[in-house]
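In: pasting the sequence and the predicted model now:
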Amino acid sequence: MRYTPAAAALSLLALVTGSMGAAKVTETVDPRAQILLEDGNLQLAKGAVDAATDSFEAALAVDPAYTGTYIALGEAARKAGLQGKAIHYYREALERDPNNLSAISGEGGALAEKGALEKARANLARIEGLCGKACPEAQALTQAIAKGAAPRVVSAEAVKPQPTVENN
């Protein structure tokens with residue numbers, strides 16, 4: 001009985017603190033980083049993946065706390081065929097914002113391209129739980145899963161030509 005007021009006060013404090021942590025806070029981006037991100041997106045649209053990656057990395061150096069930069073780096077890595085690196089960037093974004101639909105969808109797409117279709121389906125289920133089947137991220141991930149794994153590149157050492165003997 002004598003601990004009841006203290007317990008009530010602590011539970012009220014935990015309730016208020018917990019609700020503040022769950023509140024969605026909009027992220028602001030440094031204007032210099034925003035210009036670099038826009039330039040990187042233009043470069044990526046043109047197909048200049050290396051130039052886009054350079055712009056995104058410069059934006060990351062200017063504003064390392066902005067989640068959108070990690071997502072942009074993940075997109076550039078996917079276009080370059082570096083799915084493992086893309087997954088790394090998407091997971092960095094998810095550490096900062098666990099319910100970021102673009103990061104969940106991008107990671108799932110990279111996983112599907114890598115051949116990890118079950119993990120990609122788990123990401124799809126997570127997105128559908130957050131926004132439903134009609135949201136663009138869910139549709140993009142559904143298409144990536146349907147497309148399946150990207151073809152693997154074969155190294156020159158893996159293909160050994162058979163010697164042929166010809167008469168001159």
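Out: The structure has been received and is ready for your questions. Source: prediction; values computed, not measured.

In: give me the pLDDT value at Gln143.
Out: What the model reports for Gln143 is a pLDDT of 90.

In: residues near it, how many?
Out: Per other C-beta atoms under 10 Å, the neighbour tally for Gln143 reads 11. Every residue, glycine included, has its C-beta placed from N, CA and C.

In: so which helix or strand takes in it?
Out: Element membership of Gln143, judged by DSSP states H and E, is helix 136-147.

In: counting neighbours, which bits of that helix end up buried?
Out: Buried residues in helix 136-147, counted by 16 or more other C-beta atoms under 10 Å: Glu137, Ala138, Ala140, Leu141, Thr142, Ala144, Ile145.

In: tell me the contacts of the fourth one?
Out: Counting by C-beta atoms under 8 Å, 6 or more residues apart in numbering, Leu141 makes contact with Ile104, Ser105, Gly108, Gly109, Ala112, Ala120, Asn123, Leu124, Ile127.

In: grab the nearest non-local neighbour of the fourth one.
Out: Nearest residue to Gly109 in three dimensions, chain neighbours excluded: Ala144, at 3.9 Å (C-beta to C-beta, 6 or more residues apart in numbering).

In: again with the second one
Out: Take Ser105 and drop its neighbours on the chain: the residue closest to it by C-beta to C-beta, 6+ apart is Glu137, 3.8 Å away.

In: settle this for me: the one you found is touching Asn100, isn't it.
Out: No. Under the criterion of C-beta atoms under 8 Å, Glu137 is not in contact with Asn100, lying 9.4 Å apart.

In: okay, and for this structure, where does confidence drop off?
Out: 1-26, 150-156, 158-159 (pLDDT under 70).

In: I'd like to know how far the most centrally placed residue in it sits from Ile35.
Out: Nearest to the mean C-alpha position of the chain, by C-alpha atoms, centre = their mean, lies Tyr90 at 2.6 Å. Relative to Ile35, Tyr90 is positioned 23 Å away (C-beta to C-beta, to the nearest Å).

In: likewise for Ala140?
Out: Applying C-beta to C-beta to Ala140 and Ile35 gives a distance of 27 Å.

In: likewise Glu107?
Out: From Glu107 to Ile35 the distance is 27 Å (C-beta to C-beta).
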